[in-house]
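Engineer: need coordinates for the following:
(2 chains)
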Amino acid sequence: MLNHLLISQLENLFGGTENVPSGCTALLEMISSSYNEFEADRKKLERTIDLHAEKLIELNLKLRRETEELSKAHYELKLLFENVNQVFFSIDLTKNKIVQMSPACERIYGYSSEEFYQNVNLLKEVVYGEDRFLLNEQETMLAQGKSFDKEYRIVTKVGQIRWVETKMTPSFNSSNEVIRLDGIVSDITSRKKSEKALIESEKHSRNLFNQSTIGLALVNMQGALIDVNEAYTKIIGYSAQEIKNLTYWEITPEKFHALEKEKLQELKDSGRYASYEKEYIHKSGHIVPVKMSGILLEKDGEKFILSSIEDITESKKVQNDLLNKNLELQKTNQELDKFVYSVSHDLRAPLTSMLGVIEIAGDDNKDPLMHEHLDMLNTGIRKLDGFIQDILDYSRNARSDIRKEAINFPEIVGEITSHLKYMSGHNRPVEIRTNFNCEECFISDKRRISIVLNNLIANAIRYQQLECEHPFVDISVCTGAAEAYIIIKDNGIGIKQEWQDKVFDMFFRVSENSVGSGLGLYIVKETIEKLRGIITMESTFGKGTTMVINIPNN
Amino acid sequence: MEDSISPVHYKRVLVVDDTQIDRYVAERNIKRHHFAEEVILKESARSALEYLNSLADTPEELPTFIFLDIRMPEIDGFGFLMEYEKLPEVIRLHCIIVMLSSSLDQNDHERARNNRYVNNFFNKPLNKEQLDKITPPTGTH
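Structural biologist: The predicted structure is shown next:
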């Protein structure tokens, strides 16, 4: 098979392969195979060229990209150099000249790069007086070929003091001489300031911690006492040194361990634990009652409990004393009650005996003078008896608890009025009018209600007007859900204006001739106050008195 | 000397009181108001209980009313009531107890009211109105 290129040549030359002289066939075949080889080589070559071309394009692209990046980097570097707060500088020692100074220097020093270029010593001149000793050190270090790294203060062009950190590195020539210094200066003023503030605030906190009169303890989650203040050492009696070897559990009585665990859980859940009372075991072995509260702190990833501890020995003592005092008082009160009752009985018993004898004595004697004398005795004894009853009522009101029961006003008033009917003396019977509107159940202290009503009704009868033809007492009671409203109105002698403010005072009596003890209205007022009620009085001398009482419904 | 023609209401009553004057006053008033024919006076709860016990076999001799003081030495009125409960039923069925005291102590009044043998509580001195309360309206026994 002839090469296709050769075939087309032959056609051109001979007008078809069949016209080629037959002797040439072998030659043609040789030429054909050369052709083939040539063609294969050419194709190979073409491929190689293609390959290289692609690579070239790729390289070219890469080059372009890198150039871009480089120029970008350069730009950024330039920006950095110009804008960063750090100042880069180079000093050529062979020329004794600053050859490079980034513009940021103006921000730190207040001097422009230009000023530094013109004065090689400016970098040293700006150093704050007190810190100049460092310059010698710098010199020595650099001369020895070492880097220099220090923090010191500088004075700016306008006289401000700033903190800077300077790092300097020397470069050497082949004969090992320092020919160049490169350095970076950073403004660390604000860092220094906050460092100072931090130190001060730590100092402040420390002072607070140490001087607090309340014990403070920092405890880790295992119960080790990490840090305590002086007040704390005083509470438990161990020195700060001894405390370091103690755990919280060692100074807590076992009975509190369960509670402590509860509090620990509370702390983990809520970040704090509410104040509670517990006890510590003092170094000397005795128990110290304390009140504590605390919060959870986290420091460098580790958890701590900061607790405040108050020694409540004193307040516990006071509390106990109070409790004991209270018990004592209760006892005294009970004794006093018993005393009052038995005294009143022992005082009353002979009086009632006397009243009995006086009555009998009168029966057997018709002598009017004798009867007059017996009446006097009777009046005197009844007055004394009334006094004893008042004292009894008073002590009862002052000390006994309030009892609660449904109050039947008609019944109470009925008892009182029937009892008072027999009130002796020259008084005429007094008409007693009652008006009850008591559908609403009224709950209060029956004895106290009786005391109040008895005193007021007795007064109304006792102080009737002799000239009055028709003496009366008008008692009306109205009960409601909130309170009872009681009005006791009489047409008796009334109370003079100037005495009206005083009639509720203890032992106040209008005159020496008054039959009462001077306690009646005082007891009324005290009793109503005990029931948290109010009494108001309206009285016109010579006309009568009206008492209005409001007592809350319990 | 008072109208001796009035009928006497009860045959016999007992007064238990440690105070001589009070026994005397009670007796006088009971007699004067013809409340009882005979007044037995006992100065202690113990002697009163002994007296009652001695009549267990002759209940018709028992007093109809017992006027009982509260504050007495040794056994007081309430102590008497506790012992009274242990007496033969025949005695308890026959007697009516009335407290006669000068006590104003509400607790005394309540305790008396709550005791099933106590019929009434009178404040001393014993008077006609009180006796009228325990006298049958017919005025006979």
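Engineer: how about the nearest residue to residue B:64 once chain neighbours are set aside, what does it touch?
Structural biologist: Counting by Cβ to Cβ, 6 or more residues apart in numbering or on different chains, residue B:10 is the residue found nearest to residue B:64 once chain neighbours are left out, at 4.5 Å. Heads up, the C-betas are built off the backbone N, CA and C, glycines and all. Residues counted as contacts of residue B:10 (Cβ atoms under 8 Å, 6 or more residues apart in numbering or on different chains) are B:35-37, B:64-65, B:141.
Engineer: and for the residue of chain A found nearest chain B, the neighbour number?
Structural biologist: Nearest residue of chain A to chain B: residue A:356, at 3.0 Å (Cβ to the nearest Cβ). Residues contacting residue A:356 under the criterion other Cβ atoms under 10 Å in any protein chain shown number 21.
Engineer: ok, and the closest non-adjacent residue to residue A:179?
Structural biologist: Distances taken as Cβ to Cβ, 6+ apart put residue A:173 closest to residue A:179, at 4.8 Å, once the chain neighbours are dropped.
Engineer: circling back: pretty sure the residue of chain A closest to chain B is touching residue B:30, no?
Structural biologist: No: between residue A:356 and residue B:30 there is no contact, the gap being 11.7 Å when judged by Cβ atoms under 8 Å.
Engineer: which neighbours do these two have in common?
Structural biologist: Among the neighbours of residue A:356, those also in contact with residue B:30 (Cβ under 8 Å, 6+ apart) are residue B:126.
Engineer: could you pick out the longest helix of the chain?
Structural biologist: In the absence of a named chain, this looks at chain A. helix A:25-83 (DSSP state H).
Engineer: um, chain B though
Structural biologist: Longest helix in chain B, counting by DSSP H: helix B:20-32.
Engineer: what strands line up against whichever helix or strand comes after it, and which way round?
Structural biologist: Later in the chain than helix B:20-32, the nearest helix or strand by DSSP states H and E is strand B:36-42. Strand B:36-42 sits in its sheet next to strand B:10-16 (parallel), going by DSSP bridges.
Engineer: remind me which residues of chain A are low pLDDT?
Structural biologist: A:1, A:81-85, A:422-427, A:511-515 (pLDDT under 70).
Engineer: and it, which residues reach chain B?
Structural biologist: Neighbours of chain B within chain A, by Cβ under 8 Å from any Cβ of the partner chain: A:341, A:344-345, A:348-349, A:351-357, A:359-360, A:363-364, A:389, A:392, A:422, A:447.
Engineer: that's a strand at residue A:167, yeah?
Structural biologist: Yes: according to DSSP: H, G, I helix; E, B strand; the rest coil, residue A:167 belongs to a strand.
Engineer: partner residues bridging it?
Structural biologist: Beta-bridge partners, per DSSP bridges, of residue A:167: residue A:149, residue A:184.
Engineer: one more: residue A:278?
Structural biologist: Bridge pairing for residue A:278 - DSSP bridges - gives residue A:290.
Engineer: what segments of chain B are strands?
Structural biologist: Taking DSSP state E to define them, one finds strands in chain B at B:10-16, B:36-42, B:65-68, B:96-101, B:118-123.
Engineer: please identify the most buried of the ones you listed.
Structural biologist: Most buried of the strands of chain B by mean neighbour count (mean count of other Cβ atoms under 10 Å in any protein chain shown) is strand B:65-68; its value is a mean of 26.
Engineer: mind checking how far it is from the chain centre?
Structural biologist: Its chain's average C-alpha position is 1 Å from that of strand B:65-68, according to Cα atoms, centre = their mean, to the nearest Å.
Engineer: by contact count, what packs against it?
Structural biologist: If you count contacts as 3 or more Cβ pairs under 8 Å, 6 or more residues apart in numbering or on different chains; DSSP states H and E, strand B:65-68 packs onto strand B:10-16, helix B:77-85, strand B:96-101.
Engineer: any chance of these in a markdown table, with mean pLDDT and distance to residue A:542 too?
Structural biologist: Formatted as a markdown table, the helices and strands packed on strand B:65-68 follow (pLDDT from 0 to 100; distance: least, Cβ to Cβ, whole Å):
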| stretch | mean pLDDT | distance to residue A:542 |
| --- | --- | --- |
| strand B:10-16 | 95 | 49 |
| helix B:77-85 | 95 | 49 |
| strand B:96-101 | 95 | 42 |
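Engineer: so which of those comes closest to residue A:215?
Structural biologist: Comparing the helices and strands packed on strand B:65-68 by their distance to residue A:215 (Cβ to Cβ), the top pick is helix B:77-85, with 60.3 Å.
Engineer: does chain A sit close to the closest one?
Structural biologist: No: counting by Cβ under 8 Å from any Cβ, chain A is not contacted by helix B:77-85; separation bottoms out at 12.1 Å.
Engineer: now that helix against strand B:118-123, angle please.
Structural biologist: Per axes from the mean of the first three to the mean of the last three Cα atoms, to 10 degrees, the angle that helix B:77-85 makes with strand B:118-123 is 160 degrees.
Engineer: what are the buried residues along helix B:77-85?
Structural biologist: Within helix B:77-85, the residues scored as buried using 16 or more other Cβ atoms under 10 Å in any protein chain shown are B:77-78, B:80-81, B:83-84.
Engineer: CA atoms of it as CSV?
Structural biologist: In CSV, the C-alpha atoms belonging to helix B:77-85 read as follows (Å, rounded to 0.1, in the frame of the first residue of the first chain):
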residue,chain,number,x,y,z
GLY,B,77,-65.6,21.7,144.7
PHE,B,78,-64.4,20.0,141.5
GLY,B,79,-62.6,17.4,143.6
PHE,B,80,-65.9,16.8,145.3
LEU,B,81,-67.6,16.3,142.0
MET,B,82,-65.1,13.7,140.9
GLU,B,83,-65.6,11.8,144.2
TYR,B,84,-69.4,12.2,143.9
GLU,B,85,-69.3,10.4,140.6
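Engineer: list the contacts of it.
Structural biologist: Contacts of helix B:77-85 (Cβ under 8 Å, 6+ apart): B:16, B:45, B:48-49, B:52, B:68-71, B:75, B:92, B:97, B:99, B:101, B:111-112, B:115, B:117-118.
Engineer: hmm, try it at 10 Å
Structural biologist: Residues outside helix B:77-85 that contact it (Cβ atoms under 10 Å, 6 or more residues apart in numbering or on different chains): B:16-17, B:44-46, B:48-49, B:52-53, B:66, B:68-72, B:75, B:91-92, B:95, B:97, B:99-101, B:103, B:108, B:111-112, B:115-118.
Engineer: ok, now stretch A:344-351?
Structural biologist: By Cβ under 10 Å, 6+ apart, the residues outside stretch A:344-351 that reach it are A:380-382, A:384-385, A:387-389, A:391-392, A:395, B:18-19, B:21-22, B:69-71, B:101-105, B:108, B:123-125.
Engineer: go again with 7 Å.
Structural biologist: A:381, A:384-385, A:388, A:391-392, B:19, B:71, B:102-104 (Cβ atoms under 7 Å, 6 or more residues apart in numbering or on different chains).
Engineer: now it: how far from the chain's centre is it?
Structural biologist: The answer for stretch A:344-351 is 62 Å, by Cα atoms, centre = their mean.
Engineer: stretch B:130-139 now?
Structural biologist: 14 Å.
Engineer: circling back: secondary structure class for the residue of chain A closest to chain B?
Structural biologist: Applying three-state DSSP: residue A:356 is helix.
Engineer: about what we covered before: what's the longest helix of chain A packed up against?
Structural biologist: On a contact count with 3 or more Cβ pairs under 7 Å, 6 or more residues apart in numbering or on different chains; DSSP states H and E, helix A:25-83 meets helix A:4-14.
Engineer: for the helix it packs on, C-alpha coordinates in CSV please.
Structural biologist: What follows is helix A:4-14, C-alpha atoms only, in CSV (Å, rounded to 0.1, in the frame of the first residue of the first chain):
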residue,chain,number,x,y,z
HIS,A,4,-1.5,8.5,0.3
LEU,A,5,0.6,11.6,-0.2
LEU,A,6,2.7,9.7,-2.7
ILE,A,7,-0.4,8.5,-4.5
SER,A,8,-1.6,12.0,-5.0
GLN,A,9,1.9,13.1,-6.3
LEU,A,10,1.9,10.3,-8.7
GLU,A,11,-1.5,11.2,-10.0
ASN,A,12,-0.3,14.7,-10.6
LEU,A,13,2.9,13.5,-12.4
PHE,A,14,1.5,10.6,-14.3
